[in-house]
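Peer 1: structure here, sequence nowhere to be found:
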């Protein structure tokens, strides 16, 4: 199933301490670098001022960074939907929240950690940053499911509930991460099909 009038305009992959935009590597860091430092390094290359970035959990930082790289400072229409999935939900932050509960030196769990114990908070961070007011959905699946993501995104486009869509995969479990986002629009080089989306996902 395809939607001929829609295309994959741009795509971003963050994997193995490397950042790719439309297949070209734009940033790389030593594999030994801690993930926290890696995300800071990527952020510094974007030349933006968004102090809230430093307060986000790691999952939200990865989604935020991929989106910034994907859109390259272009103004997204408010009717840009978000359709993103992963396999671990907010497990990385959940563990940190649980640790703060059982830590005898804490009087109470950290509210700053608790607020990120839902994976869809990442969508909220992206929406706030880009002032998006359209549909958003976060799905949990064992692995990247291009068919499901494409089908859902096509439904939003065909029903005119979204003008553009950012869709893909933002997964994190401890220091293991896998990020792939694509911007779906009426203009682009690649046809918006599940086969094409999957091909771009496995590219690096």
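Peer 2: Structure's in. What do you need? Since the model is a prediction, treat every value here as computed from it, not as a measurement. Residues are numbered from 1 along each chain as shown.

Peer 1: CA atoms for contacts and neighbours, from now on please.
Peer 2: Will do.

Peer 1: after the helix or strand hosting residue 44, next one along is what?
Peer 2: For residue 44, the enclosing helix or strand under DSSP states H and E is helix 35-46. Next helix or strand after helix 35-46 toward the C-terminus (DSSP H and E): helix 58-71.

Peer 1: mind listing what's buried along that next one?
Peer 2: For helix 58-71, the neighbour count (16 or more other Cα atoms under 10 Å) marks 58-71 as buried.

Peer 1: would TSV of those residues with distance to residue 180 be doable?
Peer 2: Shown next, in TSV, are the buried residues of helix 58-71 (distance: Cα to Cα, whole Å):
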residue	distance to residue 180
58	15
59	13
60	14
61	13
62	10
63	9
64	12
65	11
66	8
67	10
68	13
69	11
70	10
71	13
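
Peer 1: re the thing from before, which parts of the helix holding residue 44 are buried?
Peer 2: Within helix 35-46, the residues scored as buried using 16+ other Cα under 10 Å are 35, 38, 39, 42, 43.

Peer 1: what sits closest to the last one if chain neighbours are left out?
Peer 2: Taking Cα to Cα, 6 or more residues apart in numbering as the measure, residue 43 lies nearest to residue 65, with 6.7 Å between them; neighbours along the chain are not counted.

Peer 1: next, find the distance separating the closest residue to residue 12 other than its chain neighbours from residue 54.
Peer 2: Closest residue to residue 12 apart from its sequence neighbours, by Cα to Cα, 6+ apart: residue 21 at 4.6 Å. Going from residue 21 to residue 54 by Cα to Cα, to the nearest Å gives 23 Å.

Peer 1: of these two, which one has the most company?
Peer 2: Legend: neighbour count by other Cα atoms under 10 Å for residue 21 and residue 54, higher for residue 21 (21 against 12).
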